[in-house]
Each structure stands twice: as structure tokens, then as C-alpha cells.
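K.L.:
3D, please:
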Amino acid sequence: MLKTDVRYLKGIGPVRGRQLSRLGIETIYDLLLHVPRDYHDRRSITPILNLVPGKEVNVSGTVVSSVYLKSRNGKRRLESIVRDDTGEVKLTFFHFSYIAGRLKPGVRIVASGKIDFFGTISIVHPELIFLDEPGSDTRLVLPLYPLTAGLTQGIMRKLIDTVLGEYVSKVPAILPPETLISMGFQNRSEVIRKVHFPDDPEEGRRARRTLALEELFVHQSLLNYVRTQAAKRAGINMNPPDGSLAEFINGLPYSLTGAQNSILEVIAADLRRNVPMRRLLQGDVGSGKTVVAAAACSLCCRSGYQAVLVAPTEVLASQHYRTVKGMLEPAGIRCGLLTGGTKTSQRRDLLESLLDGSLDVLIGTHAVFEERVVIPEMGLCIIDEQHKFGVEQREKLLSEREPSPHFMLMSATPIPRTLAMTIYGDLDISVLDEMPPGRGRTTTRIMNRDSRSSVYEFLLNRIGRGERAYIIYPLREASEELDLKDAATSYEILKRGPLGNFGVGLLTGAMKPEDKLEVTGKFISGEISILVSTTVVEVGLDVPQATVMVVTHAERFGLSQLHQLRGRIGRGGGDSWCFLMKSEDCGAEGARRLAVLDSTDDGFRIAEQDLQLRGPGEVAGTRQHGIPAFRIASLIDDSDLLEKAASMAAGSDLWESLRGEYILRFRGLDILEL
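P.N.:
Below is the predicted model of the structure:
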């Protein structure tokens with residue numbers, strides 16, 4: 001019955017059904033779980049003498065008079081005078097047919113609304129309680145719901161009151177009884193009743209927290225189930241020759257950080273188990289994830305298996321190929337690069353090398369996922385920046401393989417713990433929380449539009465010293481809808497100016513793969529000194545000589561994205577400078593967001609701020625997948641409940657009984673059971 005379409009409820013037809021649909025309400029269950037955003041507490045009464053314009057108040061008194069008046073345009077309004085022991089207030093109604101006959105002299109009411117001053121103290125269209133009227137809704141604590149055009153609070157309350165009376169007793173139990181009791185409720189039906197019509201706002205908020213906990217518990221139960229099922233799959237027990245890891249580390253021209261060494265020990269232990277590794281490696285920009293990936297590939301290949309490293313862009317894949325090849329090929333481990341731009345003859349040779357086992361590590365882009373790419377002895381799959389791909393793509397690479405390859409995600413985008421527990425809760429998480437020595441200091445400056453000339457002079461000065469720079473734009477090309485500077489137009493202007501003497505290149509996501517590689521190659525070699533780009537450089541380019549970045553319309557970017565961009569400079573040991581150019585219409589909120597970048601270079605702290613300011617669906621580019629559409633729980637406000645839900649789910653085996661609840665809440669399973 002809870003799955004019944006709301007359009008079949010009495011009083012709801014096609015029009016009302018469409019209105020509810022805009023709020024995500026399709027079924028009776030959706031209506032029951034459409035919780036209030038807040039409560040209107042009418043128990044606190046303000047004496048009329050103390051009314052102040054602009055304040056939301058409740059006034060209790062007796063109607064003295066009600067009269068109809070006409071405005072200059074001929075429209076009528078109803079004005080009623082209400083009196084208490086301290087004074088009088090005017091109530092004004094422009095739509096009054098539903099109320100006119102009830103506001104008679106002598107009627108006692110409670111009126112709630114915002115105080116205005118139109119010649120006298122007044123309230124326009126207040127909500128009313130008729131204290132002496134039989135059958136009147138005299139509840140003093142009323143829910144305030146998220147609404148849409150055509151729906152009022154009164155309509156929504158009436159609809160929910162109806163379904164509560166008929167269906168709330170039929171909702172299934174979710175949380176253990178002892179958990180409900182600890183939250184102050186006897187059963188789930190009581191929780192749902194009280195979230196809508198509590199005795200006081202605090203009780204309503206406690207009920208919402210209880211429903212948020214159960215929602216997080218249902219989702220964490222799925223993740224726990226996925227982890228449990230994955231642990232049952234047969235893995236590859238890798239046994240590289242003794243001392244393989246130490247040999248790899250000793251061959252590096254630098255020392256690893258303590259965090260890198262610790263995580264490599266954990267990964268080495270994972271690879272030795274006959275349970276497939278499922279790990280997320282998180283690390284801030286420049287924390288050294290690539291060398292950890294190369295070490296894992298080395299252990300895999302020294303054990304007689306092939307490894308795959310997948311990156312979201314040709315630029316990043318090519319960067320990984322150069323770096324990893326330099327680490328592995330001196331030890332006789334052969335690496336190959338496969339992207340959309342790989343020539344047909346090279347592609348054919350690569351695929352043959354994979355089949356005959358002469359290629360040990362395949363590094364590539366989406367091209368790796370093509371069906372004709374066969375990796376017969378794949379023992380390890382590493383995917384960098386997973387959120388740039390779809391989960392389905394990694395499924396194609398890993399499914400139907402027995403034994404199952406080891407699997408690791410890497411992310412240079414710091415993800416707040418609550419978000420990581422939600423998106424990657426089925427994985428083990430390792431964090432590189434220590435930066436390698438030798439990176440210079442990056443100074444971030446927030447600049448107004450009228451500071452452009454000084455930034456330009458600074459840029460010319462640094463380029464004149466043989467350094468390189470990025471200039472970042474939010475748009476690839478000019479837009480009629482948005483009054484923003486774009487990369488293509490600015491590139492044409494800049495290359496004709498003084499900067500053109502040093503070489504200016506253009507890089508956008510729409511360019512052909514071979515053109516992207518050509519321009520990035522010129523930037524890396526120094527043939528060009530200024531790279532005009534969109535956020536396609538967010539990951540992948542490692543140019544030690546790049547010391548300056550200018551980001552135009554900086555307020556248009558997310559904080560984590562700006563942090564990623566900033567990480568492209570200062571990689572050569574010297575100091576660097578990042579100029580965040582804000583627009584004239586940036587506003588106070590935009591300026592406050594940019595100030596976070598100015599105050600810290602800690603990617604995880606920035607990501608937490610980004611989560612607070614923009615919400616989980618925007619952080620780390622995760623809008624595409626992975627975050628369930630929580631209708632009650634908030635990853636910002638309910639982070640403590642997420643920890644509790646994860647602990648409860650880890651200690652239970654209830655997924656099969658919760659599967660139906662999950663599908664009802666989230667309209668399907670959003671995580672493939674790898």
C-alpha cells in the first residue's frame with residue numbers, strides 16, 4: 001500500500017499529483033517521509049503593545065471589527081481589527097472569500113505572521129487559529145514543509161494528516177527497538193507522527209534525526225553487504241620475490257614520506273591475501289600518489305601478473321605514463337600507453353603485447369574499457385579520479401573475472417570523511433596525509449577586476465625570468481547567456497600582446513587528443529610559457545617551472561576545484577603565486593568562499609568548507625553518481641549519525657530485509673555489487 005501512487009488518494013487528481021511530483025512525491029510513502037523543514041511554534045504569544053515591524057509573531061485577541069475596503073484599482077480587501085489587553089492590530093486579507101464569514105466581532109483567534117507598518121501596525125494574510133470554532137485546527141505547533149507552486153502549507157498539512165491517519169500504522173520497522181527508545185520513541189509509527197505534528201519543535205527535530213538515522217542505516221547496510229560479498233570472492237594471492245618492495249623504494253632518487261611507506265606496507269599485505277583488495281587512496285595535491293601506484297604495479301608484475309592504470313584524460317594518462325615508465329622500465333617492467341589518440345598501428349601492437357604477455361603495465365584513458373582490449377593476466381586495476389568515470393565502466397573491466405583482480409581508486413580531490421563514507425563506504429580508505437619535502441610556498445591572492453594591470457605586470461616579470469604560467473577561464477568559448485570571459489577569445493588577445501613574445505598556447509576539453517598532447521608537450525618543454533586553459537588542467541600536468549596561475553571569475557569555481565587548480569603550480573621547489581580574480585558581481589557569499597582559499601592550503605579543510613557551502617552533490621565532481629538522494633539525512637548536519645549508522649550496519653546482517661526499504665527510499669540500487 002505504501003507504494004500506491006498519490007494520485008489515487010482522495011482529493012488528489014492529476015493537477016495536484018503533478019504538483020507533488022515536483023517535490024519528489026510519487027507514492028504514499030514519499031508523502032509520509034516528506035518531513036517539515038521547520039516548525040511554527042504558536043505557543044509564544046506577543047502582546048500587541050510590543051509588536052515591532054519585521055518580526056514574525058503570534059498574537060492572541062478578539063476580533064473587534066471587519067470591513068471591506070476598495071483600493072484605487074478597484075480591488076477589494078478585508079481588514080479586521082483584533083484587540084488584546086494591551087492594544088489593537090490590523091489584519092489585512094486580499095484573498096478573503098475563505099475567511100470573511102468567520103472573522104466576526106467577538107471571535108477569539110490566534111493570528112501568526114510578519115508585522116508590517118501601513119499607517120498602523122498590521123499583519124498581511126496571517127495564519128489563523130479559531131479558538132472557539134468546533135473542528136478548527138487548534139494545534140499550536142505546526143509543520144512548515146518544502147512547497148512548490150500551487151501548494152500551500154494548509155493543503156500539505158491536510159494531505160499528510162490524511163495519510164497519517166490511514167497508513168502510518170502500516171510502515172515497517174527499520175531501527176532496532178532499543179535504538180528507538182534511546183531516541184525517545186516507542187515505535188516507528190510514533191516517530192513519523194511526531195515529525196509531522198509534534199507537541200513541541202524539539203520533539204519534531206528529534207523525530208527527524210531518528211528518521212535520518214534510519215535512512216543512513218539503510219544505506220550503510222547496503223555498503224556493508226557489498227563489502228561482505230566482495231570479501232567472499234576469490235582473489236589473487238601475489239607473492240613477489242623477497243625484497244621487491246625495498247628494491248623498488250631504494251631505486252627511487254628520493255626518499256618516501258612516512259605516510260607513503262605505511263600505505264605501501266598495507267597495499268603489499270592486501271596483494272598477498274587471496275581476497276581482492278578494494279581500496280581508495282586519497283591524497284592532497286602533490287602528496288605522492290603516483291609513486292604509490294607505481295610501487296603497487298611493480299609488486300603485481302614481479303608476481304607474474306599484468307597491471308592497469310586508468311586516468312580520465314589524455315593529459316593525465318600521458319603524465320602517468322612518463323612518470324611510471326621512468327620508475328619501472330629500468331627494472332625490466334614494460335609499460336604501454338593507450339588513449340583515444342593512439343594510432344591504429346600502435347594500438348594493434350599494444351593489444352598483441354598484452355595478449356602474449358610482453359606488456360606488463362597498461363596505462364590509458366577510457367580506451368582501456370573497450371571490449372577489444374583484452375588483458376589476460378590482469379592482477380591489479382588502478383583507477384585515478386574515479387568520479388570522472390561511471391561505476392559501470394569499472395564493472396566492465398573487473399566483472400566475470402575469476403579470481404578477481406585487486407582494485408584501487410586514487411583521488412587527488414580531498415573528500416570529507418562523511419562524503420567518503422557515503423560514496424566509498426564499500427572500500428577500505430587510505431589517506432596520504434604527509435607532503436613530500438621540497439615544495440615551495442604558494443601565495444594565494446584574491447584580486448579585484450581593477451587590479452588586472454598589476455597582475456599582468458607581475459606575470460610578465462615572472463615569465464621574463466624563464467618561469468611559466470597558467471591562465472584559467474570558466475568557459476571554453478564566448479556565451480550569449482553568460483557575461484564571462486572565455487579561454488578562446490582571451491587566447492587570441494593575449495598572443496597578440498607582450499605575452500605573445502614568450503609563447504601562448506590554448507588547451508580546452510573540446511580539442512582533439514593529439515592537439516591536447518601537442519600543446520601540453522610544448523608547455524612542458526618550454527616552447528610556450530603561458531597556457532590559457534579551462535579546468536582541463538585540474539589534474540594531470542606536472543610542470544616544475546610553472547609558478548604563476550591566474551584564475552578569472554574565480555567565484556564561479558568550487559573551492560575543491562580551485563584547490564586542485566592551485567596544485568598545478570609550485571611543483572619545482574620554488575615559490576609560486578595564485579591570483580584569484582573575482583568579478584564585480586562576486587557578492588559577499590562569493591568573497592567569503594574565496595577567503596577560505598586564502599586562509600589555508602589544507603585540501604581536506606577546504607573540502608569540508610566546500611561541503612558546507614555547496615552541498616555533497618557538487619563537491620569533488622560527484623554529482624554524476626555515488627551519492628544517494630537522501631530525502632531526510634544531511635551529510636552536513638547529521639555527520640555524527642552517519643558514524644553511528646555505519647557502526648550499527650557493521651554489526652548486523654539485515655540487508656536482505658532492508659532491500660525493499662532501500663528501493664522504496666532511493667528508487668533502485670545505486671551501487672553495483674562488485
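K.L.:
Next one: the residue nearest to residue 556 when sequence neighbours are not counted from residue 218, what distance?
P.N.:
The shortest distance from residue 556 to any non-neighbouring residue, by CB to CB, 6 or more residues apart in numbering, is to residue 474 (4.4 Å). In this view, the C-beta of every residue, glycine as well, is placed from N, C-alpha and C. Distance from residue 474 to residue 218, counting by CB to CB, to the nearest Å: 38 Å.
K.L.:
More neighbours: which of these two?
P.N.:
residue 218 (24 against 19; other CB atoms under 10 Å).
K.L.:
what sits against the more buried one?
P.N.:
Residue 218 makes contact with 174, 658, 661-662, 665 under the criterion CB atoms under 8 Å, 6 or more residues apart in numbering.
K.L.:
how near is residue 448 to residue 460?
P.N.:
For residue 448, the distance to residue 460 - CB to CB - is 20 Å.
K.L.:
And residue 137, by the same measure?
P.N.:
Taken as CB to CB, the span from residue 137 to residue 460 is 71 Å.
K.L.:
on that earlier part again, so between residue 448 and residue 460, which is more surrounded?
P.N.:
The neighbour comparison of residue 448 against residue 460 (other CB under 10 Å) goes to residue 460, with 15 against 12.
K.L.:
I figured that one was touching residue 498, is that so?
P.N.:
Yes: in this structure, residue 460 is within contact of residue 498 by CB atoms under 8 Å, at 6.1 Å.
K.L.:
Do you have the helices of the stretch 1-150 of the chain handy? List them.
P.N.:
14-21, 28-32 (DSSP state H, counting those that start in this stretch).
K.L.:
Please indicate which of the ones you listed has the most neighbours on average?
P.N.:
helix 28-32 (a mean of 22; mean count of other CB atoms under 10 Å).
K.L.:
Give me the contact list for it.
P.N.:
1-4, 6, 9, 20, 24-25, 159-160, 163-164, 167-168, 171, 192, 631, 664.
K.L.:
State the distance from the nearest residue to residue 19 once chain neighbours are set aside to residue 453.
P.N.:
Of all residues not flanking residue 19 in the chain, residue 150 sits nearest, at 4.5 Å (CB to CB, 6+ apart). Shown here: residue 150 relative to residue 453, a distance of 53 Å by CB to CB.
K.L.:
who's more crowded, those two?
P.N.:
Neighbour tally, residue 150 and residue 453, criterion other CB under 10 Å: the higher count belongs to residue 150, 12 against 8.
K.L.:
tell me the mean pLDDT over stretch 136-156?
P.N.:
For stretch 136-156, the mean pLDDT works out to 88.
K.L.:
Now do the end-to-end distance for that stretch.
P.N.:
16 Å (CA to CA, to the nearest Å).
K.L.:
Buried residues in it, which are they?
P.N.:
140-143, 145, 151, 156 (16 or more other CB atoms under 10 Å).
K.L.:
how about JSON lines for these, with distance to residue 435 added?
P.N.:
Below are those laid out as JSON lines (distance: CB to CB, whole Å):
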{"residue": "140", "distance to residue 435": "57"}
{"residue": "141", "distance to residue 435": "52"}
{"residue": "142", "distance to residue 435": "53"}
{"residue": "143", "distance to residue 435": "49"}
{"residue": "145", "distance to residue 435": "48"}
{"residue": "151", "distance to residue 435": "52"}
{"residue": "156", "distance to residue 435": "52"}
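K.L.:
ok, these vs residue 114, which is closest?
P.N.:
residue 142 (15.6 Å; CB to CB).
K.L.:
that older thread, going by neighbour count, which of the contacts of residue 218 are buried?
P.N.:
174, 658, 661-662, 665.
K.L.:
residue boundaries of the helices in the stretch 551-674 of the chain?
P.N.:
Using DSSP H, counting those that start in this stretch, helices in the stretch 551-674 of the chain cover 559-566, 587-599, 603-614, 639-650, 655-666.
K.L.:
now the stretch 201-350 of the chain
P.N.:
Under DSSP H, counting those that start in this stretch, the stretch 201-350 of the chain gives helices at 201-232, 244-250, 258-272, 289-302, 314-328, 344-356.
K.L.:
Would you mind listing the buried residues in the fifth one?
P.N.:
It refers to helix 314-328. Within helix 314-328, judged by 16+ other CB under 10 Å, the buried ones are 314-321, 323-325, 327-328.
K.L.:
Mean confidence (pLDDT) on that helix, please.
P.N.:
92.
K.L.:
Return the distance of the nearest residue to residue 567 once chain neighbours are set aside relative to residue 431.
P.N.:
Leaving aside its sequence neighbours, residue 567 sits nearest to residue 285 (CB to CB, 6+ apart; 2.7 Å). Distance, residue 285 to residue 431, using CB to CB: 14 Å.
K.L.:
Kindly report the same for residue 196.
P.N.:
Distance from residue 196 to residue 431, by CB to CB: 41 Å.
K.L.:
out of these two, which sits in the busier spot?
P.N.:
residue 196 (23 against 18).
K.L.:
Need the per-residue pLDDT for the more buried one.
P.N.:
97.
K.L.:
Which phi and psi values does it adopt?
P.N.:
phi -90, psi -40 (degrees, to the nearest 10).
K.L.:
Same check on the one 4 residues further on?
P.N.:
When quoted as degrees, to the nearest 10, the phi and psi of residue 200 stand at phi -150, psi 160.
K.L.:
Excluding residues flanking it in the chain, which one is nearest it?
P.N.:
Nearest one to residue 200, counting by CB to CB, 6+ apart, is residue 141 at 5.9 Å.
K.L.:
My understanding was that the one you found contacts residue 38; is that so?
P.N.:
No: with contact defined as CB under 8 Å, residue 141 does not reach residue 38; the gap is 10.9 Å.
K.L.:
rewinding a little: give the contact list for the residue nearest to residue 200.
P.N.:
Taking CB under 8 Å, 6+ apart as the test, what residue 141 contacts is 39-43, 197-201, 204.
K.L.:
Can you name the residues bridging to it?
P.N.:
residue 41 (DSSP bridges).
K.L.:
Quick check: the gap between it and residue 156.
P.N.:
From residue 141 to residue 156 the distance is 15 Å (CB to CB).
K.L.:
burial measure for residue 489, as a count.
P.N.:
Residue 489 - counted by other CB under 10 Å - has 15 other residues nearby.
K.L.:
sorry, back to before: list just the nearest of the contacts of residue 218 to residue 427.
P.N.:
Closest to residue 427, out of all of the contacts of residue 218 and judged by CB to CB, is residue 662, at 19.1 Å.
K.L.:
ok, for that closest one, nearest residue in space, not its chain neighbours?
P.N.:
Closest to residue 662 by CB to CB, 6+ apart is residue 218, at 5.3 Å.
K.L.:
One more: residue 555?
P.N.:
Per CB to CB, 6+ apart, closest to residue 555 is residue 590, 3.5 Å.
K.L.:
can you check residue 441 too?
P.N.:
Residue 441 sits nearest to residue 575 (CB to CB, 6+ apart), 5.1 Å away.
K.L.:
Give me the neighbour count for that neighbour.
P.N.:
For residue 575, using other CB under 10 Å, the count is 13.
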